[in-house]
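Enquirer: Give the three-dimensional model of this entry:
(one chain, ligands or ions: 2)
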Amino acid sequence: MSEGRFWAVVPAAGSGTRMGSELPKQYLTLLGKTVLEHTLQGLLASEAFQRLVVVLAAHDPHWQSLALARDPRIVIATGAAERCQSVCNGLVRLGEFAAPHDWVAVHDAARPCLTPDDLHRVLAAAQEHPDGALLAVPLADTLKRADAHGRVDETVSRARLWRALTPQVFRLAPLHDALQAALAGGLQPTDEAQAMELAGYRPRLVEGSAANLKITQPDDLRFAETLLQHRRPS
Ligand code: CTP
Ligand code: MG
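Expert: Numbers count the residues shown, from 1 in each chain. Ligands and ions are numbered 1, 2, ... in the order given. All right, here's what the predicted structure looks like:
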């Protein structure tokens, strides 16, 4: 296993447009706690991380009311208009106390159903693959490309296609450099792996559970509730 400590960056500065709720989705309630609390408690419970950097929207009025706001293992950074820029801001904050060769796991605040096993496996894979690792799920459905009118243009082979999830785990300095380079080139990578790919790296896909869903639309909150309920010891 290669050396380096683990840190986490949790982008939580989005406004949840597709959710359509008044509160940003990371503050919606799921089994009596906010989505963000579920996500952070899952990461803290693993004890893998030195600290978590939570990236919040500027003037976020909700964070301070959570008990976790006073947890010494959590540090705050301020987000920006795009997820990649929010993550970048989190990495800059992390750079104030982490070493360039340390590992950073970036995990969406909107994914509260990450299992301890998937987290463990992606962290272990990153240590064995110099270009880093990400959780992902092979596509299961038949894929159709649509025309502008919603009619099928063609069927697309799903061979070797995966859906990228988080956590995505990379060394701090290469990830920061890759994101900066993408932003400087006018690109907005939608995940960290894309920034690393653009910089010439070949991150390792680690098959994870599809239950690690990203809360995106109202139905997803109900799915997440069912998933978490079944995991709880009765
Ligand atoms: N995120 C962020 N900063 C942004 C946009 C997103 O920190 N400018 C975070 C979100 O809070 C979320 C994660 O990145 O935890 C994944 O983004 P996404 O699911 O797209 O969330 P939103 O952008 O909030 O939702 P939408 O795209 O529907 O507006
Ligand atoms: Mg978004």
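
Enquirer: does any part of the strand or helix carrying residue 230 sit near ligand 1?
Expert: In the assignment (DSSP states H and E), residue 230 maps to helix 218-231. No. Using Cβ under 6 Å from any ligand atom, helix 218-231 never reaches ligand 1; the gap is at least 9.9 Å. Heads up, the C-betas are built off the backbone N, CA and C, glycines and all.

Enquirer: Enumerate the positions of that helix that are buried.
Expert: Neighbour counts over helix 218-231 (16 or more other Cβ atoms under 10 Å) mark 220, 221, 224, 227, 228 as buried.

Enquirer: Same check on stretch 174-187?
Expert: For stretch 174-187, by 16+ other Cβ under 10 Å, it's 174, 175, 176, 177, 178, 179, 180, 182, 183.

Enquirer: Same question for stretch 151-160.
Expert: Under the neighbour-count criterion of 16+ other Cβ under 10 Å, stretch 151-160 has nothing buried.

Enquirer: picking up where we left off before, in terms of secondary structure, what does the helix holding residue 230 contact?
Expert: strand 29-30, helix 35-46 (3 or more Cβ pairs under 8 Å, 6 or more residues apart in numbering; DSSP states H and E).

Enquirer: can you redo those as JSON lines with distance to residue 145, mean neighbour count and mean pLDDT?
Expert: Formatted as JSON lines, these follow (distance: least, Cβ to Cβ, whole Å; neighbours: other Cβ atoms under 10 Å; pLDDT from 0 to 100):
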{"stretch": "strand 29-30", "distance to residue 145": "34", "mean neighbour count": "17", "mean pLDDT": "97"}
{"stretch": "helix 35-46", "distance to residue 145": "32", "mean neighbour count": "20", "mean pLDDT": "98"}
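
Enquirer: mind putting the ones you listed in a markdown table, distance to residue 6 included?
Expert: Listed next are these as a markdown table, based on distance: least, Cβ to Cβ, whole Å:
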| stretch | distance to residue 6 |
| --- | --- |
| strand 29-30 | 26 |
| helix 35-46 | 9 |
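
Enquirer: so the residue of the chain found nearest ligand 1, which of the three states?
Expert: At 2.1 Å from ligand 1, residue 14 is the closest residue in the chain, using Cβ to the nearest ligand atom. The local conformation at residue 14, judged by DSSP: H, G, I helix; E, B strand; the rest coil, is coil.

Enquirer: For the longest strand anywhere in the chain, buried residues please.
Expert: Ordering each strand of the chain by length in residues (DSSP state E) puts strand 162-171 first. Buried positions in strand 162-171, judged by neighbour count with 16+ other Cβ under 10 Å: 164, 165, 166, 167, 168, 169, 170, 171.

Enquirer: residues in contact with stretch 133-144?
Expert: Residues from elsewhere that reach stretch 133-144, judged by Cβ atoms under 8 Å, 6 or more residues apart in numbering: 118, 121-122, 125-126, 152-158, 161-169, 191-193, 203-210, 212.

Enquirer: Mean confidence (pLDDT) on it, please.
Expert: The pLDDT scores in stretch 133-144 average 97.

Enquirer: Next, the buried residues of it.
Expert: Within stretch 133-144, the residues that count as buried by 16+ other Cβ under 10 Å are 133, 134, 135, 136, 137.
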